[in-house]
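My questions concern the predicted model and sequence given below.
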Amino acid sequence: MNLPDPRMIQLVMSLRGGGVTDAKVMGALERTPRHLFVPDRFGDQAYDDRALPIDCGQTISQPLIVALMTQALKLDDRCKVLEIGTGSGYQAAVLARLARRVYTVERYRTLSREAEARFEALRLTNIVTRIGDGTQGWPEQAPFDRIILTASAPQRPDAILEQLKDGGIAVAPVDRDIKQVLVRYVREGDNIVETDLMDVRFVPLVKGEARAL
Ligand code: SAH
């Protein structure tokens with residue numbers, strides 16, 4: 001058995017302090033080595049509770065935010081999950097440990113390919129990647145039990161929420177004036193019940209597949 005990494009113990013403590021109460025979510029983060037998802041030059045900061053730069057001018061989210069968004073989704077092992085914004089693949093890897101299958105879309109080819117290599121190395125075989133524009137969700141695979149956006153939408157992402165099953169939960173950062181708010185959406189028939197969770201900072205959701213890279 002591997003000894004727990006002291007940096008991981010430190011991180012778990014700060015997640016607890018930040019409101020992560022779900023033991024399954026905590027376990028999923030503990031089993032996901034974040035140093036494999038950050039550029040080598042940031043390896044020494046991989047277990048700090050902060051967002052870090054990744055390729056293509058994007059960021060890997062702060063562990064606390066990854067944990068709180070995962071917790072808000074109330075996942076179980078029957079869930080089919082859609083993620084918009086694969087980035088490093090870290091959030092998808094955490095989701096994959098709690099859900100049946102994760103479908104993740106990224107507009108940068110480079111990021112998607114790198115994330116896919118990480119999923120293979122970690123033997124996370126229940127993640128399906130796609131390169132393209134996620135603003136229209138993933139119609140061929142819809143509907144989903146859970147949906148997560150990890151890039152901030154200019155307004156309620158209706159086209160994506162249409163792909164949420166009845167009773168399903170989505171979380172998304174949404175622009176509100178000069179700030180962004182993490183919003184939880186629950187579908188109740190034709191209705192969407194909306195709850196603001198907290199202020200956040202994400203890179204923007206950008207329409208279209210990336211032309212470079
Ligand atoms: N979940 C990621 C966070 C990455 S940051 C992680 O754990 O590392 C958000 C990502 O969303 C960026 O990689 C960005 O390129 C991507 N993105 C932005 N707009 C998008 C769109 N329309 N479709 C797909 N991906 C998009």
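Nice, I can see it.

Pick out the residue closest to the middle of the chain.
What sits nearest the mean C-alpha location of the chain, by C-alpha atoms, centre = their mean, is Gln91, with 3.8 Å.

Now for it: which residues touch it?
Contacts for Gln91 were tallied using C-beta atoms under 8 Å, 6 or more residues apart in numbering; they are 61, 66, 69-70, 83, 148, 150. (Glycine included, C-beta is placed from N, CA and C.)

If we use 7 Å, what do you get?
The neighbourhood of Gln91, defined by C-beta atoms under 7 Å, 6 or more residues apart in numbering, consists of 61, 66, 83, 150.

thought the last one was touching Ser61?
Yes. Look at Thr150 against Ser61 with C-beta atoms under 7 Å: they come within range, at 6.2 Å.

which of these two has more neighbours?
When Thr150 and Ser61 are compared for neighbours, Thr150 comes out ahead with 28 against 23, by other C-beta atoms under 10 Å.

measure that one to the ligand for me?
Computed as C-beta to the nearest ligand atom, to the nearest Å, the Thr150 to the ligand distance reads 4 Å.

Regarding the residue nearest to the centre of the chain, what is its secondary structure?
Secondary structure for Gln91, judged by DSSP: H, G, I helix; E, B strand; the rest coil, is helix.

Now do it against Gly85, distance only.
For Gln91, the distance to Gly85 under the criterion C-beta to C-beta, to the nearest Å works out to 8 Å.

burial measure for the residue nearest to Lys207 when sequence neighbours are not counted, as a count.
Across the structure, with C-beta to C-beta, 6 or more residues apart in numbering as the measure, the residue nearest Lys207 apart from its sequence neighbours is Thr135 (5.3 Å). A total of 19 residues lie near Thr135 under the criterion other C-beta under 10 Å.
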